[in-house]
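> Mind folding the following:
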Amino acid sequence: MAAAAVVVSGRSEPFSEPPVPAALTPTLREALLKILENRPEDPVSFLSEYFENLAAASEGAAEKAAPKQQQELVPRALKQLLLCHYSRPAFSRNLASAFQILSSPIGKKKKAGLKGRAYTELLRQICADAQLSSCSLIHKLQCWDHEAVPFGVFRHGVLTCLIFMEFVKISGRLFDVVADSDEADQTLCQVLLEALKDAVNIGDSTSSVRYLNAGSKLAPDQLGQAMERALRLQKNESIPSISKEEFILLTAPLFIEKVKPVC
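Okay, the predicted model is just below:
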């Protein structure tokens with residue numbers, strides 16, 4: 001880095017910034033690589049969390065392992081998984097890192113490896129925002145507390161839960177389109193439910209155009225025409241309303257029934 005001139009007592013003297021310690025260079029390089037891989041929306045917050053996790057990991061390695069540390073590993077693994085969207089190439093590396101975190105031995109008498117208790121707890125935390133609607137999904141994906149969980153099962157469970165949460169968000173956005181305040185007409189919600197059901201069923205097809213066909217079922221013009229027909233048929237009837245939570249409880253099984261149990 002070029003030296004700068006500093007005025008001291010009327011004369012200029014060369015000044016150079018202090019060099020970065022050699023031991024710190026790999027850490028900074030790794031942090032910058034993480035930013036380039038994951039491309040976070042807020043790089044400053046990303047770096048802050050990254051160094052906090054790094055410091056916590058160093059302290060945990062230096063201290064004696066305590067029983068509560070197993071509970072602390074799950075949030076660390078979850079943060080690693082949420083560094084970027086699961087569709088990005090960097091997610092594979094984050095997934096492997098999360099698996100390694102949960103597989104770390106706790107105490108000298110414990111062997112390395114991921115157990116079912118930590119794995120299932122991670123799935124619950126991924127689906128925390130959809131706790132009620134995700135119960136049956138967790139039941140399909142969970143493993144016994146002391147059962148060894150291989151990486152393939154871990155990857156399947158984590159990806160399934162992340163995709164499920166995106167499905168829940170899509171369902172919520174569809175509800176917001178027809179909602180009046182916090183509730184929506186049950187007839188309109190039924191139209192949305194049928195459209196989602198058709199889209200999910202089309203996704204079972206092996207044809208390469210299944211994604212286009214599924215997306216067409218949720219196109220604005222298709223949904224608009226279907227809702228208009230439904231309202232025209234029941235315009236003289238008193239129609240109850242439902243909340244977003246109730247609507248998501250109806251849509252969640254459409255996704256969950258397609259998931260195969262782990263065991």
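
> wait, doesn't Glu147 sit right on Lys115?
Yes. Glu147 is in contact with Lys115 according to C-beta atoms under 8 Å; the separation is 6.8 Å. Glycine gets a C-beta too; all of them are placed from N, C-alpha and C.

> OK, contacts around the nearest residue to Ala130 once chain neighbours are set aside?
Nearest residue to Ala130, sequence neighbours excluded (C-beta to C-beta, 6 or more residues apart in numbering): Val168, at 4.7 Å. By C-beta atoms under 8 Å, 6 or more residues apart in numbering, the contact set of Val168 is 129-130, 133, 248, 251-252.

> helix or strand for Val168, which one?
In this assignment (DSSP states H and E), Val168 forms part of helix 151-178.

> and the closest residue in space to Trp144 that isn't next to it in sequence, how many neighbours does it have?
Nearest residue to Trp144, sequence neighbours excluded (C-beta to C-beta, 6+ apart): Gly116, at 4.8 Å. Using other C-beta atoms under 10 Å, Gly116 has 18 other residues around it.

> ditto for Phe255
When neighbours are counted by other C-beta under 10 Å, Phe255 registers 21.

> now Glu228
Neighbour count of Glu228, defined by other C-beta under 10 Å: 11.

> element containing it?
Applying DSSP H and E, one finds Glu228 within helix 220-233.

> what packs against that helix?
Counting contacts by 3 or more C-beta pairs under 8 Å, 6 or more residues apart in numbering; DSSP states H and E, helix 220-233 packs against helix 186-202.

> Which positions within the helix it packs on qualify as buried?
Residues of helix 186-202 classed as buried by neighbour count (16 or more other C-beta atoms under 10 Å): 187-193, 195-196, 198-200, 202.

> and that helix, what other elements does it pack with?
Using 3+ C-beta pairs under 8 Å, 6+ apart: helix 186-202 touches helix 151-178, helix 210-217, helix 220-233, strand 241-243, helix 244-256.

> For Ala130, give me the pLDDT.
What the model reports as pLDDT for Ala130 is 93.

> Which residues are in contact with it?
Contacts of Ala130 (C-beta under 8 Å, 6+ apart): 164-165, 168, 248, 252.

> got it, and Pro240?
For Pro240, the contacting residues are Gln186, by C-beta under 8 Å, 6+ apart.

> hmm, back to that, nearest to Asn38, of the contacts of Val168?
Nearest to Asn38 among these, counting by C-beta to C-beta, is Asp129 at 21.2 Å.

> My guess is that closest one contacts Phe164. True?
No. With contact defined as C-beta under 8 Å, Asp129 does not count as touching Phe164 (10.8 Å).

> more crowded one of those two?
Phe164 (23 against 12).

> quick one: the more buried one from Val200, how far?
12 Å (C-beta to C-beta, to the nearest Å).

> before we move on, the earlier item: next, format the helices and strands packed on helix 186-202 as a markdown table and append mean pLDDT and distance to Ala31.
Shown next, in a markdown table, are the helices and strands packed on helix 186-202 (pLDDT from 0 to 100; distance: least, C-beta to C-beta, whole Å):
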| stretch | mean pLDDT | distance to Ala31 |
| --- | --- | --- |
| helix 151-178 | 94 | 24 |
| helix 210-217 | 63 | 37 |
| helix 220-233 | 72 | 42 |
| strand 241-243 | 92 | 43 |
| helix 244-256 | 94 | 36 |
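
> Distance-wise, check Thr27 relative to Phe51.
8 Å.

> ugh, typo on my part, it should be Asp145
33 Å.

> Likewise for Ala90?
For Ala90 relative to Phe51 (C-beta to C-beta), the value is 18 Å.

> more crowded one of these two?
Ala90 (16 against 12).

> and the residue lying closest to that one once chain neighbours are set aside, how many neighbours?
Closest residue to Ala90 apart from its sequence neighbours, by C-beta to C-beta, 6+ apart: Glu37 at 3.8 Å. A total of 16 residues lie near Glu37 under the criterion other C-beta under 10 Å.
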